[in-house]
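Participant: return a 3D structure for these sequence lines:
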Amino acid sequence: MTDRASSPYQTSERIRRVVWSLVQATLFANSFHNWYGVRRMLLRSFGARVAGSARIRRSVRIEIPWNLSIGSDSSVGDRATLYCLGPVNIGARVTISQGAHLCAGTHDYRTPAMQLRRSTIIIDDDAWVAADAFVGPDVTVGAGAILGARGVALQSLECWTIYLGNPAVAVKPRPRL
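Facilitator: Below is the predicted model:
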C-alpha cells in the first residue's frame, strides 16, 4: 500500500516543476502578448514539442510542459489550462479557446491511497475545444470535432461531429473542411 503522503514524483521531476513554475510566472506570463516565439522557445527548453507556427497566449497555465505536444497552426487561448500530468497531444490546426481545461490526470478512487493516474489526452487535427470547455483524462477529441462552449468531454468524441453540454452529447455533424 502506498503512503498517501508520499509523492508520485521523483526529486528531479519536482525540481523541474518548481523551476518551470518560476519561469511560467515570470518570463512566460510577462512576455508581450504577441511574442509567441518566445513562449514556444521557453516551452521547448522544458521539453515540450511545439510547432513553429503554434500560438500560445501568455496567460495559458501549463503543468509539466515536457508532456505537451502542439502541432502546426494550432492556438491555445487566454487562461486555458493544459494540465499535462500525462501526455497531451494537440494536433495541427487545433483551437483551444479561452478558459478551456485539458486535464490529463486523475486519481484511482478504488484504492484507499487514491494513487495518481497519469492519463493521455489527444486532440486530433482540425478540432476545436471552445471557451471554458473541459476535456478529461483518457479522452480523444477526434479530427474536426467541436466541443462547444462549457462542454464537458469525459469520453472520446467522434470525428467531424459537434458536441454540446455536460456531459457532452453529439448534436450534429460538422461539415468537413
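Participant: shouldn't R117 be within a strand?
Facilitator: Yes - judged by DSSP: H, G, I helix; E, B strand; the rest coil, R117 forms part of a strand.
Participant: isn't it right next to Y109, touching?
Facilitator: No - counting by C-beta atoms under 8 Å, R117 does not reach Y109; the two are 9.7 Å apart. Every C-beta, even on glycine, is put in place using the N, C-alpha and C of the backbone.
Participant: identify, by residue count, the longest helix of this structure.
Facilitator: helix 11-23 (DSSP state H).
Participant: and R117 and Y109? Which one has more around it.
Facilitator: R117 (16 against 8; other C-beta atoms under 10 Å).
Participant: now this structure, which segments are flagged as low pLDDT?
Facilitator: 1-6 (pLDDT under 70).
Participant: the residue most central in space within the chain bridge partners, please.
Facilitator: Closest residue to the average C-alpha location of the chain: L82 at 3.2 Å, with C-alpha atoms, centre = their mean. Beta-bridge pairing for L82 (DSSP bridges): I62, L102.
Participant: now the longest helix of the chain, how far from the centre of its chain.
Facilitator: 18 Å (C-alpha atoms, centre = their mean, to the nearest Å).
Participant: just the helices in this protein please.
Facilitator: So, for the chain - with DSSP H - the helices run 11-23, 36-45.
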